[in-house]
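Engineer: Sharing a model that was predicted from the sequence below.
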Amino acid sequence: MTSSNIQAQRILIIDFGSQYTQLIARRIRGLGVFCEIWPYDHCAQALAACPRGIILSGGPESVTAVDAPGAPDAVFAQGVPILGICYGMQTLATRSGGQVSTATRHEYGYAQVHTTGSSVLLAPAGDDLSLDVWMSHGDRVEQLPPGFRVIARSDNAPIAAIADEKRQWYGIQFHPEVTQTQQGESMLARFVHQICGCDRLWTPGNIVQNTIAQLQAQIGPQGRVVLGLSGGVDSSVVAFLLHRAIGDRLTCIFVDNGLLRLHEGDQVMDTFAQQQGIRVIRVNAAARFFAALAGIADPEQKRRIIGNLFIQIFAEQAEQLTNVTWLAQGTIYPDVIESAGAASGKAHVIKSHHNVGGLPEQMPLQLVEPLRDLFKDEVRRIGVELGLPEAMIWRHPFPGPGLGVRIPGAVTAESADLLRQADAIFIEELHLADLYHEVSQAFAVLLPVKSVGVVGDARCYGPVIALRAVKTIDFMTAESAQLPYAFLEQVSRRMMNEIADISRVVYDISSKPPATIEWE
Ligand code: XMP
């Protein structure tokens, strides 16, 4: 398999701003077909890459508005199959001479549509089917464009799906990408495989093989690479891929900032250096981090200090390596989409998340980003393919500034130690109760207050631990996990018995929004 041809049979997703656009892409990738998302007004370059099919996403606008966003003419001149979803169907219909108007009743949630006649997309066997689907629309197609026929209707939308089989243009009012549309995945599969003729080339095995070949071509036979290894799934997968591609011409730098979880540094060293023979330089820099953080209480200032010091230490180490010309980063596809959003001013920064961006400006290194095209679930799947330990692949996310943002106010080595012990008890109990994988993220927070308790007959006055456990799909919104009371009591008992100073344990039940997942 050559480096580019698993991406040669590709689908282009033109984004009109739907909250589900990334979900469409993940479903198509899951069907073994490469696809990319481009904004409707910036898709010329993507069209030049000859996609085999085009999907027009949903979106929040109304096609009846003046200046409603539309796909460029080149999309319709491309001569490839098109699937319009929701807003995408409406823009396809108006562009083709149909008519759309605002429905008297908005349709949101579960609905049933009935197929009318056979169609490759919805009813390949030609039967009259009732399909359970998910709708979310205010406008609807009122008049069919010339050349199209109706392939499904619903009570609220007599024109719920349309097809022009000659041009292979399809429109569906409902959302096939959400799980509530029960046959959504089969519909998307028929679109990409049968209608667009794409094979299943985008598989974990092929992605690994392809990426390794690409890395070898990019870095060349002599090139040397440095990578900041955090132990998180992204940088770990990058390390495994690069090690396969260039062996010991890869050097990883693992900075122990004193704000990691219990035994984390040793585990990372064991997995990479001892088990896999990957070259890892461990820098024990806890003292420098605590010195830099002394007396600093502002969360954003703490983040900046931790991020900048990380970059400084990383650069010091990298400078000592001779002949290194490449810097590897674990940038993933949602970061690429998000930075496009940030560049266009659409994204809103709530917390500054630290990464190693900015390094290339300080050091004369070229960037290598092997995960740039991958979603997080794909990174995990290729992690499995590469033989990364399961525990590492499925571990809850951990923020770059580590325990530093879980100790509101000033951070000290002693407070980090205390929190590390409390956190380890919480996580151990979650594993013992088989609850660890039931929640998306769980951790302890050391509150900057003291409370009164009694130990034996004596009064004690010690710090309070808050437990936080959330369920979320995308970490943008989250709910507090409803952990059993008996479980929470067990965690609380252990913390107060085993960690002398702790006087009280509380459970955080706030949702995001308005709260955030971390306390800082
Ligand atoms: P929030 O607190 O913003 O967290 O609701 C959402 C997700 O992001 C993680 N997080 C961070 N990750 N650097 C990171 O690398 C940071 O500064 C940071 N702050 C929050 C958080 O753990 C959660 O998974």
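Structural biologist: Arrived safely, thanks for sending.

Engineer: who's in contact with the closest residue to residue 175 other than its chain neighbours?
Structural biologist: Once flanking residues are discounted, residue 175 sits nearest to residue 134: 4.9 Å by C-beta to C-beta, 6 or more residues apart in numbering. No exception for glycine: its C-beta is placed from N, CA and C like everyone else's. Contacts for residue 134 (C-beta atoms under 8 Å, 6 or more residues apart in numbering) come out as 109-111, 174-175, 178, 180-181, 184.

Engineer: which SS state does residue 134 fall under?
Structural biologist: In three-state terms, and counting by DSSP: H, G, I helix; E, B strand; the rest coil, residue 134 is strand.

Engineer: Bridge partners for it, pull those for me.
Structural biologist: residue 110 (DSSP bridges).

Engineer: From residue 121, how far off is it?
Structural biologist: With distances taken as C-beta to C-beta, to the nearest Å, residue 134 is found 16 Å from residue 121.

Engineer: same deal with residue 179?
Structural biologist: Going from residue 179 to residue 121 by C-beta to C-beta gives 19 Å.

Engineer: who has more neighbours, these two?
Structural biologist: residue 121 (26 against 10; other C-beta atoms under 10 Å).

Engineer: Let's check: the centremost residue of the chain is which one?
Structural biologist: residue 376 (4.7 Å; C-alpha atoms, centre = their mean).

Engineer: Quick check: closest non-adjacent residue to that residue.
Structural biologist: In this structure, residue 376 finds its nearest non-sequential neighbour in residue 332, 6.1 Å apart by C-beta to C-beta, 6+ apart.

Engineer: still on that earlier bit, do you know the pLDDT at the residue nearest to residue 175?
Structural biologist: Listed pLDDT for residue 134 reads 94.

Engineer: again with residue 249
Structural biologist: 97.

Engineer: From here on, call the first residue 68.
Structural biologist: Got it, the first residue is 68 from now on, which makes the last one we talked about residue 316.

Engineer: Any figure for the gap between it and residue 395?
Structural biologist: Residue 316 is 11 Å from residue 395, by C-beta to C-beta.

Engineer: returning to that earlier point: which ones are touching the residue nearest to residue 443?
Structural biologist: Per C-beta under 8 Å, 6+ apart, neighbours of residue 399: 301, 438-439, 441-443, 446.

Engineer: Now with 7 Å, please.
Structural biologist: 301, 438, 441-443, 446 (C-beta atoms under 7 Å, 6 or more residues apart in numbering).

Engineer: Out of the residues you listed, give me the two with the largest separation.
Structural biologist: Greatest spacing in those, by C-beta to C-beta: 301 and 442 (11.4 Å).

Engineer: Between these two, which is the more surrounded one?
Structural biologist: Shown here are residue 301 and residue 442; by other C-beta under 10 Å, residue 301 has more neighbours (21 against 18).

Engineer: okay if I get the contacts of residue 201 as TSV plus neighbour count?
Structural biologist: Listed next are the contacts of residue 201 as TSV, based on neighbours: other C-beta atoms under 10 Å:
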residue	neighbour count
176	8
177	12
178	21
241	31
242	22
245	15
247	14
248	23
251	22
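
Engineer: Near the ligand, list only the ones from those residues.
Structural biologist: Contacts with the ligand within the contacts of residue 201, as defined by C-beta under 6 Å from any ligand atom: none are present.

Engineer: would you turn the residues you listed into CSV with distance to residue 382 and pLDDT?
Structural biologist: Output for the contacts of residue 201, formatted as CSV (distance: C-beta to C-beta, whole Å; pLDDT from 0 to 100):
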residue, distance to residue 382, pLDDT
176, 52, 88
177, 54, 92
178, 56, 93
241, 52, 96
242, 46, 96
245, 45, 94
247, 49, 91
248, 49, 94
251, 48, 96
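
Engineer: Helices of the stretch 468-587 of the chain, start to end?
Structural biologist: 480-499, 552-565 (DSSP state H, counting those that start in this stretch).

Engineer: Give me the buried positions along the last one.
Structural biologist: So that's helix 552-565. 555, 558-559, 561-563 (16 or more other C-beta atoms under 10 Å).

Engineer: Check the first one too.
Structural biologist: Of all the residues in helix 480-499, those buried under the rule 16+ other C-beta under 10 Å are 482-483, 485-490, 492-494, 496-497.

Engineer: From the chain's centroid, how far away is that helix?
Structural biologist: Its chain's C-alpha centre and that of helix 480-499 lie 26 Å apart, by C-alpha atoms, centre = their mean, to the nearest Å.

Engineer: Of all the helices of the stretch 468-587 of the chain, which one is nearest residue 226?
Structural biologist: Here helix 480-499 is closest among these (C-beta to C-beta), at 50.1 Å.

Engineer: What's the first helix or strand after the lowest-mean-pLDDT helix or strand in the chain?
Structural biologist: Least confident helix or strand, the chain: helix 426-429 with a mean of 64, by mean pLDDT, DSSP states H and E. Per DSSP states H and E, the first helix or strand lying C-terminal to helix 426-429 is strand 433-435.

Engineer: now for whichever helix or strand comes after that next one, which elements pack on it?
Structural biologist: Note on strand 433-435: by DSSP H and E, the next helix or strand toward the C-terminus is helix 443-453. Judged by 3 or more C-beta pairs under 7 Å, 6 or more residues apart in numbering; DSSP states H and E, helix 443-453 is in contact with helix 271-286, helix 300-313, helix 457-460.

Engineer: got the buried residues for the last one?
Structural biologist: Taking 16+ other C-beta under 10 Å as the neighbour-count basis, helix 457-460 is seen to contain the buried residues 459-460.

Engineer: Please put the alpha-carbon coordinates of it into CSV.
Structural biologist: Output in CSV follows, covering the C-alpha atoms of helix 457-460 (Å, rounded to 0.1, in the frame of the first residue of the first chain):
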residue,chain,number,x,y,z
GLU,A,457,-4.9,-1.3,27.2
ALA,A,458,-4.6,0.6,30.4
MET,A,459,-2.8,3.4,28.6
ILE,A,460,-5.3,3.5,25.7
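
Engineer: And that helix, how far out from the chain middle?
Structural biologist: Distance, centroid of helix 457-460 to centroid of chain: 17 Å (C-alpha atoms, centre = their mean).

Engineer: now the longest one
Structural biologist: Using C-alpha atoms, centre = their mean, the mean C-alpha position of helix 271-286 is found 22 Å from that of the whole chain.

Engineer: biggest helix in the chain, by residue count?
Structural biologist: helix 366-387 (DSSP state H).

Engineer: Run through this structure and note the low-pLDDT ranges.
Structural biologist: Applying pLDDT under 70 to the chain picks out residues 68-71, 407-429.

Engineer: Show me which residues of it are close to the ligand?
Structural biologist: Residues of the chain lying near the ligand (C-beta under 6 Å from any ligand atom): 370, 418, 420-421, 464, 466-468, 472, 508, 542, 579, 583-585.

Engineer: Top of the residues you listed by number of neighbours, please.
Structural biologist: The most crowded member of these, judged by other C-beta under 10 Å, is residue 468 (27 neighbours).
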